[in-house]
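Enquirer: Need coordinates for the following:
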Amino acid sequence: MSRPSHTAFLCRSCSASFPKWVGRCLVCNNWNTLDEVTLSPALRGVPRGGAPPRRLAEVEVGEATPRPTGLDEVDRVLSGGLVAGSVTLLGGEPGIGKSTLLLQAVASFCRHGEAALYVAAEESAGQVRARAERLGPLPPGVWVVSEGLVDRIPACLDVTAPALVVIDSIQAMRAGEGGAPPGSVTQVRECAHRLVDEAKDRGVAMVMVGHVTKDGSLAGPRQLEHLVDTVLSFEGDRHHALRQLRAVKHRHGATHELGLFEMRESGLVGVSDPSGLFLGDRLEGVAGSLVYPMVEGCRPLLVELQALVAATPSTVPRRSVEGIDAGRMALLLAVLDKRVDVPLQGCDVYALAVGGVQAVEPAADLAVALALLSSAVGRPIDPRLVACGEVGLAGELRNVPHLPRRLAEAERLGFRRAIVPASAPDAPAGLEVVRVGSVAEAAVAAGLLGGAMTARPGVPARAA
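Expert: As a prediction, this is how the structure comes out:
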């Protein structure tokens, strides 16, 4: 038996609720911002019916066991897969590949005999099929419906009885025939409440696609992220094939894993060896290039950092960075000027992380500084050398987290030397470690400056 609903007036600016219409919102003081809507029991705080309370010790662990989607990179981020009854919110920029990723996940999920429902609120069923055919064969267990009215979703679930439901997207859904338009704060909150209730009551894993704003945050009320169990972020540069999937929130596992995909004509392909992808087209023997061992979550990656320093007649030198923190690079230029006596403030400076990856952690400081110095003096760095360390304002090097894991990945890919801070822990066998205490000593160890300072493998460098 359905629960009764009632009408209320919600402010589209601040989401304040009023029992009757008023000309000005009494919370945000905006005029003519109240919309009449029909509220479900979820918004009114009516408890949802379900199982009676149980002792915690009596709850079976198997009730929260994840079920693999069939895409290894997705399962890595989700700590094994989707949990029945869980709700996942997938956000990302337009055109980044969210719908493609979910179609592949649905097709892979249904190959094990399960049924899945794809709710296309922004496209027709024909458009969804055309995209799915480009990605591979169509499993018989995949259902699709072009529907934007949330009130009709329960009937679709009754007909298909799916184990997985995809809502594409939550901002295109609407509750009721009237009221606020789709995508408004009121509609997004109302639709999300109803869909979460359906997923919990039926024990169905649900994935909702969410739009993002200009600054990259999820559109709609902040309450949307609190309602769901998992928030995934799908990122990437449209000009590069690399796509990154990471968990911002995950109630059923950790949030430190990273999933990597490569966008191809046949769809998204998981990258099992990302370091090989980033270094595949590397040109050795060129000044301004250095490999940096980074860590994304728990995953070590080797990325090529490139820098170009050029003289300029302009009184305002150009600074251009891509995939590197601009503030950190400005700091490194000042350190090179004051602590290493290599003035670069009057030169045009370009720096980037190859492959579209974001190397913005402070651990990249030393690699960026050496790449800048290499381009400035015109001396290539040993192609079998990696560098990692955080640089302070005094020019000192500080240790970074997960350094043994970074160096182990470098040794696996055939690198032979590593320049690290003096306080760094032991490195794996087969990798020669040069421990230095400052950027100047690191420059000497890399062969970029003269022998004013010496650095010996395995021993902190000292002034000559």
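Enquirer: Could you list the low-pLDDT ranges of the stretch 1-150 of the chain?
Expert: 1-6, 13-15, 38-51, 61-63 (pLDDT under 70).
Enquirer: where exactly do the strands run in it?
Expert: Using DSSP state E, counting those that start in this stretch, the strands of the stretch 1-150 of the chain run over 6-11, 17-18, 34-39, 87-92, 116-120, 142-145.
Enquirer: which secondary structure elements does the strand of greatest length in the chain contact?
Expert: Using DSSP state E, we find that the single longest strand of the chain is strand 299-311. Where contact means 3 or more C-beta pairs under 8 Å, 6 or more residues apart in numbering; DSSP states H and E, strand 299-311 is packed against helix 274-278, strand 289-296, strand 347-353, helix 365-377, helix 403-412. Yep, even glycine has a C-beta here, placed from its N, CA and C like the rest.
Enquirer: Buried residues in the last one, which are they?
Expert: Spelled out, that is helix 403-412. By 16 or more other C-beta atoms under 10 Å, the buried positions in helix 403-412 come out as L403, R406, L407, A408, E409, A410, E411.
Enquirer: helix or strand right after it?
Expert: For helix 403-412, the following helix or strand on the C-terminal side (DSSP states H and E) is strand 417-421.
Enquirer: Report the inter-axis angle for that next one versus helix 403-412.
Expert: 170 degrees (axes from the mean of the first three to the mean of the last three C-alpha atoms, to 10 degrees).
Enquirer: Show me what the mean pLDDT comes to for strand 417-421.
Expert: For strand 417-421, the mean per-residue pLDDT is 95.
Enquirer: Please state the mean pLDDT value computed over the very next helix or strand once past it.
Expert: Of the helices and strands lying after strand 417-421 in sequence (DSSP H and E), the nearest is strand 432-436. The pLDDT scores in strand 432-436 average 94.
Enquirer: Over to stretch 272-284?
Expert: Per-region confidence: stretch 272-284 scores 83 on mean pLDDT.
Enquirer: Alpha carbons only: can I get that stretch in PDB?
Expert: C-alpha atoms of stretch 272-284 as PDB (Å, rounded to 0.1, in the frame of the first residue of the first chain):
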ATOM      1  CA  SER A 272      47.100  -3.400 -16.600                       C
ATOM      2  CA  ASP A 273      50.600  -1.800 -17.000                       C
ATOM      3  CA  PRO A 274      50.200   2.000 -16.900                       C
ATOM      4  CA  SER A 275      53.900   2.600 -16.500                       C
ATOM      5  CA  GLY A 276      54.600   1.000 -19.900                       C
ATOM      6  CA  LEU A 277      51.900   3.100 -21.400                       C
ATOM      7  CA  PHE A 278      53.300   6.400 -20.100                       C
ATOM      8  CA  LEU A 279      56.900   5.500 -21.200                       C
ATOM      9  CA  GLY A 280      56.100   3.800 -24.500                       C
ATOM     10  CA  ASP A 281      57.000   6.700 -26.700                       C
ATOM     11  CA  ARG A 282      59.700   8.300 -24.600                       C
ATOM     12  CA  LEU A 283      62.700   9.800 -26.500                       C
ATOM     13  CA  GLU A 284      66.000   9.300 -24.600                       C
END
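Enquirer: Rebuild the helices and strands packed on strand 299-311 as a markdown table, extending it with distance to E93.
Expert: Formatted as a markdown table, these follow (distance: least, C-beta to C-beta, whole Å):
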| stretch | distance to E93 |
| --- | --- |
| helix 274-278 | 21 |
| strand 289-296 | 19 |
| strand 347-353 | 19 |
| helix 365-377 | 26 |
| helix 403-412 | 29 |
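Enquirer: Which of those sits closest to G450?
Expert: helix 365-377 (10.4 Å; C-beta to C-beta).
Enquirer: buried stuff in the closest one?
Expert: D365, L366, A367, V368, A369, L370, A371, L372, L373, S374, S375, A376.
Enquirer: quick check: mean pLDDT across the helix or strand just after that helix?
Expert: Downstream of helix 365-377, the first helix or strand assigned by DSSP H and E is strand 385-387. The average pLDDT within strand 385-387 is 96.
Enquirer: quick one: strands adjacent to the next helix or strand along the chain from strand 385-387?
Expert: Next in sequence after strand 385-387, counting helices and strands by DSSP H and E, comes strand 390-391. Looking at strand 390-391 with DSSP bridges, its partner strands are strand 397-398 (antiparallel).
Enquirer: What lies in contact with the partner strand?
Expert: If you take C-beta atoms under 8 Å, 6 or more residues apart in numbering as the criterion, strand 397-398 is touched by 366, 389-392, 420-423, 436-439, 442.
Enquirer: Buried among those residues? Make that a PyMOL selection.
Expert: The following PyMOL line selects those of these that are buried, judged by 16+ other C-beta under 10 Å:
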select buried, resi 366+389+390+391+392+420+421+422+436+437+438+439+442
